[in-house]
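this is the structure alone, sequence omitted:
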C-alpha cells in the first residue's frame, strides 16, 4: 500500500475571528500545491478530547446519557470530556472525567483508539481509553451546567444500541464498533 | 433498557455570530431543566454530510486521500461530501460525490449508518452509504481547490489501515469498523 506524502498547503494569511472557550476560530487564506488559492478556510481550535469505554468486573459498561443542544436530542454516550491544562496526560483527563461524570475509577487502563473529530476544520485529536475492572469509588460530581445520567449496560445492550443507531456521536460509535469488531 | 426522555434545554436568547459557507455559528443563552443557565453555548450549523463505502465487483474499496488543513495531515478517507440544496436526497448527494471525486458509479446502494459529527455543537447528521459492484464510469471531476487522489484497496488493506489507526476521520472510522464488525 502506498505511503502517503503529506501534501501541505501554504498559509498566505491567518486571522483569529474568535478566541473563547469552545469557540476559537481562525480564518486562513491558503494555497494548494497545485497553485490554486482558497481565500477563506475556517480552522476551529479545540483542546484534546478523551472518552472511555469503562467496563466493570462483572461486565457492565458504564455509559451516560445527556441532552445535546446543537442536535436537540438525548442519547446514550461514553463518558467523555476535554483535557484541561492541569491534566498531566490524556489518560489523566480520561480518569478524571470518568470519575466526575460517573463516580467510577480504578481498573486497568489502555489507549484503545485515536481519531480526529474532523481533520478538515478541527485541530485536535480525540483519544479513547479502554478501562476494565472499574469500580464505583465516589459519588458523581458534575457541574451545575451538566445533567448527566449514569447507565450500567450489559455488552449485548451496548451492541443493541449500536445496531439500532442509538449511539449517534461518531466519536463514540467508532471505538465501540471497533470493540465489537475485535471481539471476533 | 431505559427509553431516554429528551431533556431539552430552553433557549433564552440566540444570535448569529457568522453566516457563511462552512462557518455559520449561533451563540445561545440556554436554561437546563434543573434551572441552571449557560450564558454562551455555540451552535455550528452545517448541512447534511454524506460518505460512501464503495466496493467494486472484484472486491476493491474505492478510497481517496487528501491533505486536511486544520489537522495538517494527509490520510486515507472515504469519498465524502456535503448535500447541496439541489440534491434530491442524501443518496443523490453521495452518488454525485463518489462520481465527482473518483469517477465511480452504478452499483447497488443502501444506507449503512447515520451518525452525528458532534451532537454538542453540530446541528447536522452524516449518512454513510454502502455501494457494492460500483464501476468506473467517468474521469474524476474535482474542483480547482481539491487535490484528491484515488486508491483502490483490498479489504485486508482497508482493515490494515483501520488497525494501524491510519483512518483518522471519526466519521469514516465508525462505518468502516461497523463494516468489519458485521462481517463476523
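Perfect, thanks for sending it. On a predicted model such as this, the values are computed, not experimentally measured, just so you know. Numbering: from 1, shown residues only, chains lettered A, B, ... in the order given.

which residue of chain A sits farthest from its center?
Largest separation from the mean C-alpha position in chain A: residue A:35, at 35.0 Å (CA atoms, centre = their mean).

so that one is in which element?
Using DSSP states H and E, residue A:35 falls within no helix or strand.

quick one: it and chain B, what's the gap?
Using CB to the nearest CB, to the nearest Å, residue A:35 is found at 9 Å from chain B. (Each C-beta comes from the backbone N, C-alpha and C, glycine too.)

cool, and residue A:57?
On the measure of CB to the nearest CB, residue A:57 and chain B end up 21 Å apart.

list the contacts of that residue.
When contacts are counted by CB atoms under 8 Å, 6 or more residues apart in numbering or on different chains, residue A:57 touches A:133, A:135.

secondary structure class for the residue nearest to residue A:84 when sequence neighbours are not counted?
Nearest non-adjacent residue to residue A:84, counting by CB to CB, 6 or more residues apart in numbering or on different chains: residue A:93, 6.5 Å away. The local conformation at residue A:93, judged by DSSP: H, G, I helix; E, B strand; the rest coil, is helix.

I'd like the distance between residue A:93 and chain B.
Distance from residue A:93 to chain B, counting by CB to the nearest CB: 17 Å.

residue A:141: neighbour count?
Residue A:141: 11 surrounding residues under other CB atoms under 10 Å in any protein chain shown.

what ranges does chain A have for its helices?
In chain A, the helices defined using DSSP state H lie at A:90-102, A:155-163, A:170-182.

these into CSV, with extra columns for distance to residue B:144, mean neighbour count and mean pLDDT?
Formatted as CSV, the helices of chain A follow (distance: least, CB to CB, whole Å; neighbours: other CB atoms under 10 Å in any protein chain shown; pLDDT from 0 to 100):
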stretch, distance to residue B:144, mean neighbour count, mean pLDDT
helix A:90-102, 38, 21, 98
helix A:155-163, 40, 17, 98
helix A:170-182, 29, 24, 98
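
quick one: which of those helices is nearest residue B:48?
Closest to residue B:48 of those is helix A:170-182 (CB to CB; 13.9 Å).

so what secondary structure elements neighbour that closest one?
Where contact means 3 or more CB pairs under 8 Å, 6 or more residues apart in numbering or on different chains; DSSP states H and E, helix A:170-182 is packed against strand A:49-56, strand A:108-115, strand A:126-136, helix A:155-163, strand B:108-115, helix B:170-182.

and the contacts of the last one?
With contact meaning CB under 8 Å, 6+ apart, helix B:170-182 is reached by A:113, A:115-118, A:126, A:162, A:170-171, A:173-174, A:177-178, A:180-181, B:49, B:51, B:53, B:77-78, B:80, B:112-113, B:115, B:117, B:126, B:128, B:130, B:158-159, B:162, B:167.

surely the residue nearest to residue A:84 meets residue A:80?
No: if you go by CB atoms under 8 Å, residue A:93 and residue A:80 don't touch, sitting 10.0 Å apart.

list residues touching both of the two?
Taking CB under 8 Å, 6+ apart as the criterion, residue A:93 and residue A:80 both touch residue A:50.

and chain A, what are its domains?
Domain assignment of chain A by automatic domain parsing yields the ranges A:10-45, A:49-182.

next, the contact list for the residue nearest to residue A:84, please.
Taking CB under 8 Å, 6+ apart as the criterion, residue A:93 is in contact with A:48, A:50, A:81, A:82, A:83, A:84, A:87.

give me that answer again for 6 Å
The contact partners of residue A:93, by CB atoms under 6 Å, 6 or more residues apart in numbering or on different chains, come to A:50, A:83, A:87.

what's the pLDDT at residue A:2?
Per-residue pLDDT puts residue A:2 at 84.

so can I have a markdown table of the domains of chain A showing distance to residue B:98?
Below are these laid out as a markdown table (distance: least, CB to CB, whole Å):
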| stretch | distance to residue B:98 |
| --- | --- |
| domain A:10-45 | 22 |
| domain A:49-182 | 18 |
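
circling back to that earlier point, so for residue A:143, which of the helices and strands packed on helix A:170-182 sits nearest?
Nearest to residue A:143 among the helices and strands packed on helix A:170-182 is strand A:49-56 (16.7 Å), distances taken as CB to CB.

related to what we said a few turns ago, distance to residue B:39 for the helices and strands packed on helix A:170-182 - can I get that in a markdown table?
Converted to a markdown table, the helices and strands packed on helix A:170-182 look like this (distance: least, CB to CB, whole Å):
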| stretch | distance to residue B:39 |
| --- | --- |
| strand A:49-56 | 23 |
| strand A:108-115 | 31 |
| strand A:126-136 | 26 |
| helix A:155-163 | 33 |
| strand B:108-115 | 29 |
| helix B:170-182 | 29 |
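
which one of the contacts of residue A:93 is nearest to residue A:142?
Of all these, residue A:50 has the smallest distance to residue A:142: 16.6 Å, by CB to CB.

tell me the contacts of the closest residue to the closest one other than its chain neighbours?
Leaving aside its chain neighbours, residue A:50 sits nearest to residue A:94 (4.2 Å; criterion: CB to CB, 6+ apart). Contacts here follow CB under 6 Å, 6+ apart; on that basis residue A:94 touches A:50, A:52, A:129.

cool, thanks, talk later.
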